[in-house]
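**Q** Build the 3D model from these lines:
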Amino acid sequence: MLIKNRQKDAIPSELNLNDFAHAMKQMDLSTVSPEKKKKAIFDHFMSVMAGSVRDPETKFEILMSQRLRRKNV
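**A** As a prediction, the model looks like this:
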């Protein structure tokens with residue numbers, strides 16, 4: 001059995017759980033079509049992550065991944 005230390009592998013961020021929840025609630029889904037809601041929520045999630053990560057390299061990776069996902073959609 002493999003034991004994984006999630007805290008050690010965590011990416012340093014400026015957000016705590018309450019701030020993250022508040023940031024995710026800020027998205028307005030009323031104008032998004034039902035079939036695109038999942039993608040819109042994930043895109044917003046990636047924006048919140050990129051805005052809160054302390055490491056510039058990780059932030060760049062998240063933003064590039066987000067850009068690639070948008071292009072493929």
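**Q** What is the burial count for residue 23?
**A** 17 (other Cβ atoms under 10 Å). C-betas here are computed from N, CA, C, even on glycine.
**Q** Quick check: chain neighbours aside, which residue is closest to it?
**A** Nearest non-adjacent residue to residue 23, counting by Cβ to Cβ, 6 or more residues apart in numbering: residue 48, 4.6 Å away.
**Q** Over to residue 62?
**A** residue 50 (4.4 Å).
**Q** Now do the same contact list for the spatially most central residue of the chain.
**A** Central residue of the chain (Cα atoms, centre = their mean): residue 46, 2.6 Å from the mean position. Shown in contact with residue 46 (Cβ atoms under 8 Å, 6 or more residues apart in numbering): 62, 65, 66, 69.
**Q** do residue 13 as well
**A** Residue 13 touches 49, 52, 53, 54, counting by Cβ under 8 Å, 6+ apart.
**Q** bridging residues for it?
**A** residue 53 (DSSP bridges).
**Q** Not counting sequence-adjacent ones, nearest residue to residue 44?
**A** Nearest one to residue 44, counting by Cβ to Cβ, 6+ apart, is residue 27 at 4.6 Å.
**Q** one step back: wait, the residue nearest to residue 62 sits on residue 66?
**A** Yes. Shown here, residue 50 and residue 66 form a contact pair, counting by Cβ atoms under 8 Å, at 6.9 Å.
**Q** joint contacts of those two?
**A** With Cβ under 8 Å, 6+ apart, residue 50 and residue 66 have no common neighbours.
**Q** low pLDDT regions in this protein?
**A** Filtered on pLDDT under 70, the chain yields the residue ranges 73.
**Q** just the helices in it please.
**A** Applying DSSP state H to the chain gives helices spanning 6-9, 17-25, 37-52, 56-72.
**Q** Narrow the contacts of residue 13 to those that are buried.
**A** 49, 52, 53 (16 or more other Cβ atoms under 10 Å).
**Q** I'd like the residues you listed as JSON lines, with distance to residue 10 appended.
**A** Shown next, in JSON lines, are the buried ones among the contacts of residue 13 (distance: Cβ to Cβ, whole Å):
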{"residue": "49", "distance to residue 10": "12"}
{"residue": "52", "distance to residue 10": "12"}
{"residue": "53", "distance to residue 10": "11"}
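**Q** Nothing else from me, thank you.
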